[in-house]
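Undergrad: Structural data only, the sequence is not supplied:
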């Protein structure tokens, strides 16, 4: 296992290092190589400021044979240091790591994260278009929340799904009538991938799968879906019925999305439906404000699985990755301004409607020349000690873990 991990790491690292020297040759032979390297430096805005740094290189490869098949893969190599490292902050707070540091397996470095986000073959077979391999499934209409998207690992609201790792599986799509299509998928792994293989992890009764019908009309797109999802191998599968729609009303883009958990499968027992707990939904709008040319986005969400009061928050959920939100209701707002594709600035806020704590994100970027982008980013959180964004997880009599730490940082990104 150690040798295979070392070989895998070496292959990805070598591919990332050679990418910029092979792009022209690759394009000439039907291959397209692309990517971005980004370096970030930040400092926390605490009583005792802590510096941090992140380096990310993302590589994409595409091949189109101009026939019935094509290939696409995306991978990333990420290094985190200081306060930018969740592992470093967890260690400082006294949270347990996978094993004592001196006993970590050879080749494991907690600074480094290697991810294969996508790697699939796309094909056309008669009336069907399909993808096979490590795939993404971008279901849903929401901008910040996506209740019907139940295939990938939970992400913090607003995080681009393309940043997440895909899952091994097969997806098929076929047009059945003009403007109407049917899509289906089956996956070989749950939303949270376990590091240790288990004999029972491929139980056919728990296979994640989904089916949806999509109607694309003149002014609105509507889809109806049915999915079975599995958070991790030891959890029971859950079935959800989903509905989402996107449309236009004058200058407004409107969207809504809901997913109803119709039953849970836990040890073969189906539980009764409780609407207050089993419904997730979101609705929002986007509009460009005239004269000032500001883009405004507003979204509200109800998450039935969330807590109705801060006293029952499980603050370990974001740490384990099981869930990235704690409460039952949220609101989001954002303003964005872009000028000539060279300058962009935005400010957004996520409000927990249970405890009224907030998470703020301000960003600005400037591209003086093509492919080079300088960035400035600030994170700020408000709320009392019992709230989601102002509270802390106690890890000992005199130690705490802050999952949400305010910070300010600068970055440079170079695309190739």
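TA: The structure has been received and is ready for your questions. Small disclaimer: the values here were computed from a predicted structure and weren't measured.
Undergrad: Just give me the neighbour total for residue 74.
TA: Neighbours of residue 74 under the rule other CB atoms under 10 Å: 21. Where C-beta positions appear, they are placed from N, C-alpha and C, glycine not excepted.
Undergrad: For the strand or helix carrying it, which helices and strands make contact with it?
TA: Applying DSSP states H and E as the criterion places residue 74 in strand 69-82. Counting contacts by 3 or more CB pairs under 8 Å, 6 or more residues apart in numbering; DSSP states H and E, strand 69-82 packs against helix 2-28, strand 51-64, helix 86-92, strand 112-125.
Undergrad: strands paired with it, and their directions?
TA: Sheet pairing of strand 69-82 (DSSP bridges) gives strand 51-64 (antiparallel), strand 112-125 (antiparallel).
Undergrad: averaging pLDDT over each of the helices and strands packed on strand 69-82, which comes out lowest?
TA: Looking at the helices and strands packed on strand 69-82, the lowest mean pLDDT belongs to helix 2-28 (a mean of 45).
Undergrad: what residue ranges in the chain score low on pLDDT?
TA: 1-29, 96-107, 265-272 (pLDDT under 70).
Undergrad: Domain map for it?
TA: The chain resolves into domains spanning 1-117, 126-305, 328-416 when parsed by automatic domain parsing.
Undergrad: Wasn't residue 369 part of a helix?
TA: No. Per DSSP: H, G, I helix; E, B strand; the rest coil, residue 369 lies outside any helix segment and is coil.
Undergrad: give me the number of residues near it?
TA: 7.
Undergrad: which residues does it contact?
TA: Residue 369 makes no contacts at all, as judged by CB atoms under 8 Å, 6 or more residues apart in numbering.
Undergrad: ok, it to residue 153 distance?
TA: 36 Å (CB to CB, to the nearest Å).
Undergrad: do the same with residue 93
TA: Counting by CB to CB, the gap from residue 93 to residue 153 is 23 Å.
Undergrad: list the contacts for the closest residue to residue 71 other than its chain neighbours?
TA: Spatial nearest neighbour of residue 71, excluding adjacent residues (CB to CB, 6 or more residues apart in numbering): residue 63 at 4.4 Å. With contact set as CB under 8 Å, 6+ apart, residue 63 has these partners: 30, 31, 32, 70, 71, 72.
Undergrad: Excluding chain neighbours, what is closest to the first one?
TA: The reference is to residue 30. Counting by CB to CB, 6+ apart, residue 63 is the residue found nearest to residue 30 once chain neighbours are left out, at 6.0 Å.
Undergrad: How about the second one?
TA: Once its chain neighbours are removed from consideration, residue 31 has its nearest residue in residue 63; the separation is 5.0 Å (CB to CB, 6+ apart).
Undergrad: how about the helices in this protein?
TA: Here the chain has its helices, by DSSP state H, at 2-28, 86-92, 275-278, 317-320.
Undergrad: buried ones in stretch 161-170?
TA: 161, 164, 165, 166, 167, 169, 170 (16 or more other CB atoms under 10 Å).
Undergrad: same deal with stretch 334-344?
TA: For stretch 334-344, by 16+ other CB under 10 Å, it's 334, 336, 344.
Undergrad: go on, stretch 301-319?
TA: 301, 302, 303, 304, 306, 307, 310, 313, 317, 318.
Undergrad: Which pair in those residues has the greatest spatial separation?
TA: 302 and 318 (19.4 Å; CB to CB).
Undergrad: now the contacts of residue 63: which count as buried?
TA: Buried among the contacts of residue 63 (16+ other CB under 10 Å): 70, 71, 72.
Undergrad: Could you give the bridge partners of the residue nearest to the last one when sequence neighbours are not counted?
TA: This means residue 72. Nearest residue to residue 72, sequence neighbours excluded (CB to CB, 6+ apart): residue 62, at 5.0 Å. Note on residue 62: beta-bridge partners residue 32, residue 72, judged by DSSP bridges.
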